[in-house]
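Visitor: this is the structure alone, sequence omitted:
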DNA sequence: ACAACTTAGTTGTATAATACAATTACATAG
DNA sequence: CTATGTAATTGTATTATACAACTAAGTTGT
């Protein structure tokens, strides 16, 4: 394993993380935040789920997800469907408004990313997407065991 | 431009950002943080610099870098070299202790990353490193103009 | 030469995203 | 039916960031 590439990956990941962190500062009033959108996306694509399941899925602390869920609920993007068998639990379901918001957000992000990558070859885009996916997969697998 | 890869890139970046954010939680006492290490790395590889120059380099707010610099100084990893021509300004220079710390940190990170990627082919590591670099470059170029 | 402007850095305040610990309310097993 | 376990919330803390107000020092223009 060539150490040089490891070093590159490490430092570029650090830089990337920071860029993504500071880029997050286009928060006009009324917008909702990145993490909350991941939650919205999850319950949209995978169906309703409770806080605990979502936290496991994302490997986050339950408290983190709980607060995100509360924020989403406050904005009317999700509602809580009580679990009939367990009065402590509930499922988060996306609302019409939530779906609209999610679409909107995705659309905007896609446009931005398209603009950013407008000079990239299709091959590079594809490779980058695949490798990111693979990396995330590797990361989640390792940390979970 | 194939929209599908854009979508993959978008969502995988979001996931990656989050993983990197929560992985940051192995902070034993006495450790120093990711961002501060980027600063240390920068003044090591590019030579001493002031807060303003570093902030520009990283495209961060000056206040952010100022605080990071203060933290590094408090730990004894950098010292302030007053600029003889401008009494407002100074250069951050790395100390022996700072170098030791930086080495140590890099070493540990390299080992972790090597472990993480132990099943990756050399080709994939290389491609991932290159694409990350390219992406960061694209990102910094665009946002700066 | 001094008033007006500009610049380097700091500090106050705010926000997002996270974790861990304590708590609440309910569920389940002896 | 008491003891233990579990879903979620809430309190508190941390890192990393930005923006705005401020301080002190340098620069410029008449």
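Guide: Nice, thanks for sending it over. All figures in this text were calculated on a predicted structure; none of them were measured in a lab.

Visitor: can I assume residue A:72 is in contact with residue A:93?
Guide: No. Counting by C-beta atoms under 8 Å, residue A:72 does not reach residue A:93; the two are 10.7 Å apart. (C-beta placed from N, C-alpha, C; glycine too.)

Visitor: now for these two: what residues contact both?
Guide: Taking C-beta atoms under 8 Å, 6 or more residues apart in numbering or on different chains as the criterion, residue A:72 and residue A:93 both touch residue A:78.

Visitor: of the two, who's got more company?
Guide: residue A:72 (24 against 15; other C-beta atoms under 10 Å in any protein chain shown).

Visitor: OK, contacts around the more buried one?
Guide: A:32, A:36, A:39-40, A:78, A:92, A:98.

Visitor: swap in 6 Å and give it another go.
Guide: Contact analysis of residue A:72 by C-beta atoms under 6 Å, 6 or more residues apart in numbering or on different chains lists A:36, A:78.

Visitor: can you confirm it is in a helix?
Guide: Yes. Using DSSP: H, G, I helix; E, B strand; the rest coil, the assignment for residue A:72 is a helix.

Visitor: what's next to the top helix by length along chain A, contact-wise?
Guide: Counting residues, the longest helix found in chain A (DSSP state H) is helix A:122-144. If you take C-beta under 6 Å, 6+ apart as the criterion, helix A:122-144 is touched by A:117, B:2, B:5, B:8-9, B:12, B:15-16, B:19, B:116, B:128, B:131.

Visitor: ok, which pair from these is furthest apart?
Guide: Spanning the widest gap among these are B:2 and B:116, at 28.8 Å by C-beta to C-beta.

Visitor: ok, those two, which is more surrounded?
Guide: Taking neighbours as other C-beta under 10 Å, residue B:2 and residue B:116 compare with residue B:116 leading, 17 against 11.

Visitor: what are the ranges of the helices in chain A?
Guide: Using DSSP H, helices in chain A cover A:3-23, A:34-46, A:51-58, A:62-74, A:96-116, A:122-144.

Visitor: got the contact list for the spatially most central residue of chain A?
Guide: Nearest residue to the geometric centre of chain A (C-alpha atoms, centre = their mean): residue A:38, 2.9 Å. Applying C-beta under 6 Å, 6+ apart, we find residue A:38 in contact with residue B:14.

Visitor: could you dump the helices of chain A to CSV with distance to DNA strand D and mean pLDDT?
Guide: Shown next, in CSV, are these (distance: least, C-beta to the nearest atom of the strand, whole Å; pLDDT from 0 to 100):
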stretch, distance to DNA strand D, mean pLDDT
helix A:3-23, 3, 88
helix A:34-46, 12, 93
helix A:51-58, 3, 95
helix A:62-74, 3, 95
helix A:96-116, 16, 92
helix A:122-144, 17, 89
